[in-house]
Structure formats: structure tokens, C-alpha cells
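[1] Based on what follows, work out the 3D shape:
(one chain, ligands or ions: 2)
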Amino acid sequence: MAPLPLARRMQALEPSATLAMAARASALAATGIDVIDLSVGEPDFPTPEHICRAAETAIRSGRTKYTPAAGIPELRKAVAADYSRRSGLEVTPAQVVVSNGAKHALHNVFTALVNEGDEVIVPTPYWVSYAELIKLAGGRPVLLPTELGDDFKLRPEALRQALTPATRMLLLCSPSNPTGVVYSAAELRALADVAIEADLTVVADEIYDQLIYDGRQAVSFPTLRPGLEQRTVVVAGVSKTYSMTGWRIGWTICTEPLAKAIGNLQSQETSNPCSISQHAAVAALNGPQECIAEMCQAFQQRRDFVAARLQSIPGIRIPDIGGAFYAFFNIRPLLAKGRDGITSSAAWCEALLEKEHVALVAGSAFGAEGNVRMSFAASSEKLERGLDRIARFAQA
Ligand code: PMP
Ligand code: GLU
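    Ligands and ions are numbered 1, 2, ... in the order given. Coordinates of the predicted model:
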């Protein structure tokens, strides 16, 4: 029998390149090979103990049933209080919708706001899922290249030039996945001014806002100009900050009417996020916060090590990594040599995996060919061995 024909919206859908590479690395490791997987971006720390205990208590006390679609009131309240405290903006629980991870929150936002043919400006390098989620919602991702020389930051002039009558939305991610770059308040404010002028909605993916180094201050986008919160949707969650990737809790912070619409959407699509995970997330937000500083410190040390090692490899260049846990490095001079017929970032990653058993993700998956992403959310021992192998491969 012929395969069932997929709906049109599925035909161009790419699988997540980050997850695909992680799956390949673990399949290879299962055959007994010593693979160093630096592909997927997920903290290697265990979820803090007090958060796990809250989940156990939730199970034992019967919090195992459906919850309100937009999340349990305690969690919406905790998210609103945490965000208000850190940003200085007064946000109410009614402006918060809890979803099954920040990825789901993004899917909700695009579904709720993007019409067929609307253009969404996405600076590249971009995190793999943005373009696909925008397309699924019927929108057109407009990929705007940024330069390593500008630390991969979108400039306001470039944004202005990309505007068309169909431009509806701007997507920003700072600290950035995949580059680790952090915009300053002034840089974000300049982009906010263009967004206000052009009447754009801004989706600010702030999932790495607390994983930030060298004493930098995270700035939440809507705080930058009065009234900006009316046109901004903030997406964040517990996955990275509290090492809770598997628990699947993320959220949207936006205007109340939009939050209501997203809650309705979610009530039809998924009911509610996992009840147990929601209780764990309450403990994460309301409990002791030292775990964040501890993880952050470890990430900063690893960043220092990784950046220094990568910079010492001839032919590799990196931007200033101010947050998140990625090094996005340029390998153009290496590709230009055409060694073993390797002229693309995908081929380079493929050969690195084959020869040295190190898994990285090709820049092409992030809309930035000629680069490679390495996650440094791994133990120092793994990073050291991984970088030895990368250096050997790059200099062979
Ligand atoms: N946004 C960015 C920039 C990310 O790196 C991730 C991590 N995959 C997500 C959103 C999604 O996070 P979650 O695991 O909570 O769905
Ligand atoms: N954010 C992580 C990454 O980019 C997780 C993988 C994913 O969700 O695609 O590697």
C-alpha cells in the first residue's frame, strides 16, 4: 500500500536537528563507542533535590489529575511573582500561561498570533525550532543574517530594511541559542524602537535569562520602553534554569487577552501541562535559588575553558559568549581547505562524529552555514576530552 499522504503543512517540516544529532550520538554510544555528545543543549546537573521532593509529594498527595488548562494557580502566581521581582514590571497570574515546555509555549504563540502569509523576522543564527514552528502556523520566517563581527547581533538598520507590509512579528533570543551572545539594554532598546515604529509584535525568548556570565544583568525586553509589554510576548521556563528539561514546563507572559486565547488553545490541544511537573516548578520558583548561582558558576568556568581552547585552534573564531551554554564557532577557513572533500558544516560534523566520535550540530541547522555549535553543558572532563579531539580533527 502507498504511504498515507501527509498533509501539506507536514511536507516541508524538518525534524529538530539538535534532537536528531543527540539521537545519533546515543545510538552510536549504545554500540560501545566512547562518544562525546556535545550536541544537545541541556544542563548536565541533576534536578535539585528539593524540586524532586516536591514532585514526590505531589504524587503522594494525589495531585495527579487534570489541572486548569493554563496551569495551576500556584504556579501562575509563582511565575508572575518571580518575573515581576526580577524585571520590575508588575505582571499578574492572569498574564501567565504554563505550557509543556518553552517549545510548546512558542508553538502556542505562533498559532495564536500568526496568520497565513504573515512575515516573522528571525535573526540568524537562530534556534532550530523557530522557523519550523512559524511555518506550521502558516507564517513566513524571514531569516535575517547577522555577522560574527557584530557578535551575531541584529542591528536596527538591518531590521528596518527587512520590513515589508506583511511583517507582523520579530523574534529575539537573548542570551542566544545558538551563539551564547547577550544583547545589551541599549542594543535591545534600539530594536524596540523599530518594533514600535513598525507596530510589530515581539516574541522575546528569555529561557536563558538567568544563565548569564561576567556579572552581566539580564534585561527583559518589555522593560525597555513604556508600553512595550502590550506588544511583547515573553517565553521562558524551568528547563534550563533549574535543570528540568525532562519535566516539560515552560510559559508565556503576555497581555491578559492573549493569555486567555492561548489558554483556550491549550485547553483544546493538550489540556494541561503535567500536574506533577507543575508542582515541582512551584518548588523551583518559590524554593531556594542558590542552585542557579551554583550552576551558573560552573557554566561560566566551562565557558572560559571552552572559549580559550577553541580560540587557540587555528581557523576557528567565536563571538563573545555572555550567557547560555553554547559556543558557536566559525570554521570557514577550515572548510576553505576542502580537506577530504569537506566543504560544508554538515559534512564537517559528520566527519568529526565518524573519526573522533564527537557530536556537534552543523551551523546550517541554525541558518548559518560555515559555523558549528557546541554545547558546553557537559562535565569538564568531557569537555576537555571533546576539545582535544576537536583540535586534533581541525588540525589534521
Ligand atoms: N527556546 C530556546 C532558545 C531553547 O534553547 C529551548 C531549549 N530547547 C527552548 C526554547 C525550549 O525549551 P523547553 O525544553 O522548555 O521546551
Ligand atoms: N535547546 C536545546 C538545544 O538547542 C534542546 C534541544 C531542542 O529542544 O531542540 O539543543
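
[2] show me where pLDDT drops low in the stretch 251-396 of the chain?
    Judged against pLDDT under 70, the stretch 251-396 of the chain has no low-scoring part.

[3] tell me, how many neighbours does the closest residue to residue 173 other than its chain neighbours end up with?
    Spatial nearest neighbour of residue 173, chain neighbours left out: residue 205 (4.1 Å); criterion: CB to CB, 6 or more residues apart in numbering. For glycine as for every other residue, the C-beta is placed from the backbone atoms N, C-alpha and C. Residue 205: 27 surrounding residues under other CB atoms under 10 Å.

[4] Closest residue of this protein to ligand 1?
    residue 101 (2.8 Å; CB to the nearest ligand atom).

[5] Next up, phi/psi of residue 170, please.
    In terms of degrees, to the nearest 10, the main-chain angles of residue 170 are phi -120, psi 130.

[6] no wait, residue 227
    Torsion angles, degrees, to the nearest 10, at residue 227: phi 80, psi -10.

[7] residues touching it, list them.
    residue 196 (CB atoms under 8 Å, 6 or more residues apart in numbering).

[8] The stretch 1-150 of the chain: helices as residue ranges?
    8-11, 17-30, 49-60, 73-87, 102-113, 129-136 (DSSP state H, counting those that start in this stretch).

[9] and those, which is most packed in?
    Among the helices of the stretch 1-150 of the chain, helix 102-113 has the highest mean neighbour count (mean count of other CB atoms under 10 Å), at a mean of 23.

[10] For that helix, output the C-alpha coordinates as PDB.
    What follows is helix 102-113, C-alpha atoms only, in PDB (Å, rounded to 0.1, in the frame of the first residue of the first chain):
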ATOM      1  CA  ALA A 102       9.000  26.600  26.300                       C
ATOM      2  CA  LYS A 103       8.900  24.900  22.800                       C
ATOM      3  CA  HIS A 104       5.200  24.400  23.300                       C
ATOM      4  CA  ALA A 105       4.800  27.900  24.500                       C
ATOM      5  CA  LEU A 106       6.300  29.200  21.300                       C
ATOM      6  CA  HIS A 107       4.100  26.900  19.200                       C
ATOM      7  CA  ASN A 108       1.100  28.400  21.100                       C
ATOM      8  CA  VAL A 109       2.200  32.000  20.500                       C
ATOM      9  CA  PHE A 110       2.700  31.500  16.700                       C
ATOM     10  CA  THR A 111      -0.600  29.600  16.400                       C
ATOM     11  CA  ALA A 112      -2.400  32.400  18.300                       C
ATOM     12  CA  LEU A 113      -0.900  35.300  16.500                       C
END
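
[11] And for it, what's in contact with it?
    For helix 102-113, contacts defined as CB under 8 Å, 6+ apart pick out 97, 99, 120, 129-130, 133-134, 136-137, 139, 168-169, 201, 203, 205, 207, 233, 235-237, 239, 248, 250-252, 254, 258, 261-262, 265-266, 270, 273.

[12] Name the SS class of residue 226, please.
    coil (DSSP: H, G, I helix; E, B strand; the rest coil).

[13] how many neighbours does residue 355 have?
    For residue 355, using other CB under 10 Å, the count is 13.

[14] Can you pull the phi/psi pair for the nearest residue to it once chain neighbours are set aside?
    Nearest residue to residue 355 in three dimensions, chain neighbours excluded: residue 393, at 6.2 Å (CB to CB, 6+ apart). The phi and psi values for residue 393, taken as degrees, to the nearest 10, are phi -70, psi -40.

[15] What residues does this protein have near ligand 1?
    With the criterion set to CB under 6 Å from any ligand atom, the chain comes near ligand 1 through 41, 101-103, 127, 173, 177, 205, 207, 237, 239, 245, 250.

[16] Could you restrict those residues to the ones contacting ligand 2?
    The subset of the residues of the chain next to ligand 1 within reach of ligand 2, by CB under 6 Å from any ligand atom, is 41, 103, 127, 177.

[17] Could you find the lowest-pLDDT member of those residues?
    Scanning these for pLDDT, the low point is residue 41. It has 91.

[18] wait, that one sits on residue 378?
    No: counting by CB atoms under 8 Å, residue 41 does not reach residue 378; the two are 10.3 Å apart.

[19] Close to ligand 2: what parts of the protein are there?
    So the chain meets ligand 2 at 16, 18, 19, 40, 41, 42, 103, 127, 128, 129, 177 (CB under 6 Å from any ligand atom).

[20] with these in mind, which one is nearest to residue 115?
    residue 129 (20.1 Å; CB to CB).

[21] residue contacts, the closest one?
    16, 103, 106.

[22] Tell me the one among those nearest to ligand 2.
    For the contacts of residue 129, the nearest to ligand 2 is residue 16 (4.4 Å; CB to the nearest ligand atom).

[23] Look up the closest residue to the closest one, ignoring the ones flanking it.
    residue 128 (5.5 Å).

[24] count of residues packed around the closest residue to residue 370 other than its chain neighbours?
    On the basis of CB to CB, 6+ apart, the spatially nearest residue to residue 370 that is not a chain neighbour turns out to be residue 332, at 4.5 Å. Residues within reach of residue 332, counting by other CB under 10 Å, total 15.

[25] re earlier: would you mind giving the residues of the chain next to ligand 1 as TSV with distance to residue 2 added?
    Below are those laid out as TSV (distance: CB to CB, whole Å):
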residue	distance to residue 2
41	38
101	35
102	38
103	32
127	35
173	41
177	39
205	40
207	41
237	41
239	40
245	38
250	38
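
[26] Which members of the residues you listed are the farthest-apart pair?
    Longest span within these, CB to CB: 173 and 245, 16.9 Å.

[27] more crowded one of those two?
    Neighbour totals were compared for residue 173 and residue 245, and residue 173 leads with 24 against 18 (other CB under 10 Å).

[28] what's near enough to touch the more buried one?
    Neighbours of residue 173 in contact, by CB under 8 Å, 6+ apart: 126, 127, 204, 205, 207, 208.
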